[in-house]
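> Please find the sequence and the predicted model below.
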Amino acid sequence: MKRRENTHLHKRKHISNRHLADKYFYAGEHDTVTDIRLTQYNSEILHTKQISTDDVSFKKHTDNNCINWFQVSGLTNSDAVTRMVNEFGMHNLDAKDILTPQHVVKIEEYDKHILIVLNSTYYDVNMEINSEHICILITDNVIITFTESNNPVFESTYKAIETNMLNIRKKNSGLLLAFLLNTIIANLVESASKVEEMLEDIEETLLDIKNNQGNMGLLIQQHRREYMVIRKNSQPLKEQFSKLLHTDNSIISSDIQPIYNDLSDQLQFVAQTTESCREIISSLVDLYISNNDLRMNAIMKRLTIVSTLFIPLTFLAGIWGMNFKNMPELSWQYGYGIAWSLILITAIATWSYMRKKDWF
């Protein structure tokens, strides 16, 4: 399900939503123009239509006989986002949470609503990690997803609706929510696993000191930052997820509870993987420093061997370099050859002695 890319021409100024106010603005870095798409489905129908951000009422587009999924891509139109949140029974402060990408991960449960604030983490085609602020609002048969950009984060969910996976078109909105969460959690699992694999590759390289380790320090720091992003996005979600497992809200019915248990298990896997990454990174830093010390010691050892070889040779050269008149060696016919022979014998003897002592 492709979306068009629309961006503002002017760069937005830095905005903070930390103070109480009557109106809040988008405080992120994306300039994607707000786009609203409504997907409605039940066991018999499935159709998608575009919704104007200038509509006086968004609720009028909903159908009580269908599951209504509003996909809001781009949060730059804060007025439309706030109006939509208010119209579906939420507070301005909930709109603030949606418009603030720096907000902590949370799952807020009300009588008839659930608000989920989290972050999607994934690697792009250039193997650079990305983190995108995502919010999900659920009420009865309506689910609204808010994303900062128009990246097709939930494309797999739309395909699941098309193919009626797990009989989703006959279930309530709780199953759609499970698919949405599964997409985000699956990205976390994949990202955590990739970081762990890359760290293990670095470990294998560092364990063989003969390998070229010139940029290993930078790689360790890069993967450490990636690990921190994944941990920051997954750990709070794991702690908050228990609210969905023990909710009294009818949105999550007993027949789909095993799916949420599985999602919880996946979050547990992410937590264990990130903990493993933390330990690997700690050991890699120690190993990298140790290898640097070993390489430095090896260099100093070579220099010491060369110095030791030349000490007796320098001694001999110093003696014969003195400017005394009566030096009997100066008048020897074979003195030059004898000097060279003595120098070579001394060097070989010194080298053989150090080799025998296994100094190198």
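Structure's in. What do you need? Numbering: from 1, shown residues only.
> Look up the closest residue to the residue minimising distance to the centre of the chain, ignoring the ones flanking it.
Geometric centre of the chain, nearest residue: Glu226, 3.6 Å, by Cα atoms, centre = their mean. With Cβ to Cβ, 6 or more residues apart in numbering as the criterion, Glu226 has its nearest non-adjacent residue at 4.7 Å, and that residue is Ile129. For every residue, glycine as well, the C-beta is placed using N, CA and C.
> can you tell me how far Gly318 sits from Thr157?
The gap separating Gly318 from Thr157 is 84 Å, by Cβ to Cβ, to the nearest Å.
> in the helix or strand containing Ala339, what counts as buried?
Per DSSP states H and E, Ala339 falls inside helix 335-356. Neighbour counts over helix 335-356 (16 or more other Cβ atoms under 10 Å) mark Ala339, Thr346, Thr350 as buried.
> so what's Asp111 scoring on pLDDT?
Asp111 carries a pLDDT value of 78.
> and it, what does it touch?
Contact partners of Asp111, counting by Cβ atoms under 8 Å, 6 or more residues apart in numbering, are absent.
> Now with 10 Å, please.
Gly89, Thr139, Asp248, Asn249 (Cβ atoms under 10 Å, 6 or more residues apart in numbering).
> Return the closest of the buried residues of helix 335-356 with respect to Gln266.
Thr350 (65.2 Å; Cβ to Cβ).
> and the contacts of Asp111 as TSV, adding pLDDT, neighbour count and secondary structure?
Below are these laid out as TSV (pLDDT from 0 to 100; neighbours: other Cβ atoms under 10 Å; DSSP: H, G, I helix; E, B strand; the rest coil):
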residue	pLDDT	neighbour count	secondary structure
Gly89	85	16	coil
Thr139	89	20	strand
Asp248	74	7	coil
Asn249	74	17	coil
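> any idea which of those residues is closest to Asn65?
Thr139 (16.2 Å).
> Asp94 is in contact with that closest one, correct?
No: using Cβ atoms under 10 Å, Thr139 makes no contact with Asp94, being 11.5 Å away.
> joint contacts of those two?
With Cβ under 10 Å, 6+ apart, Thr139 and Asp94 have common neighbours Phe88, Tyr110, His113, Leu115.
> Could you identify the most distant pair in those residues?
Phe88 and Tyr110 (11.1 Å).
> Now do the shared contacts for those two.
Asp94, Thr139.
> any idea how far stretch 349-360 is from the chain center?
51 Å (Cα atoms, centre = their mean, to the nearest Å).
> What mean pLDDT does that stretch get?
Stretch 349-360 comes out at a mean pLDDT of 81.
> What distance do you get for Leu267 to His246?
Applying Cβ to Cβ to Leu267 and His246 gives a distance of 15 Å.
> following the helix or strand hosting Leu188, which helix or strand comes up?
Assigned by DSSP H and E, Leu188 belongs to helix 173-207. Next helix or strand after helix 173-207 toward the C-terminus (DSSP H and E): helix 216-245.
> Now Gln235: closest residue in space, sequence neighbours ignored.
Closest to Gln235 by Cβ to Cβ, 6+ apart is Ala271, at 6.5 Å.
> Report the separation between the residue nearest to Glu226 and Lys194.
Ile129 is 9 Å from Lys194, by Cβ to Cβ.
> Kindly point out which residues are neighbours of both of the two.
Joint contacts of Ile129 and Lys194 (Cβ under 10 Å, 6+ apart) are Tyr122, Tyr123, His223, Glu226, Ile230.
> Need those residues in JSON lines (columns: distance to Trp332).
JSON lines is the format used below for the shared contacts of Ile129 and Lys194 (distance: Cβ to Cβ, whole Å):
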{"residue": "Tyr122", "distance to Trp332": "83"}
{"residue": "Tyr123", "distance to Trp332": "77"}
{"residue": "His223", "distance to Trp332": "68"}
{"residue": "Glu226", "distance to Trp332": "73"}
{"residue": "Ile230", "distance to Trp332": "79"}
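> Among these, name the buried ones.
Tyr122, His223, Glu226, Ile230.
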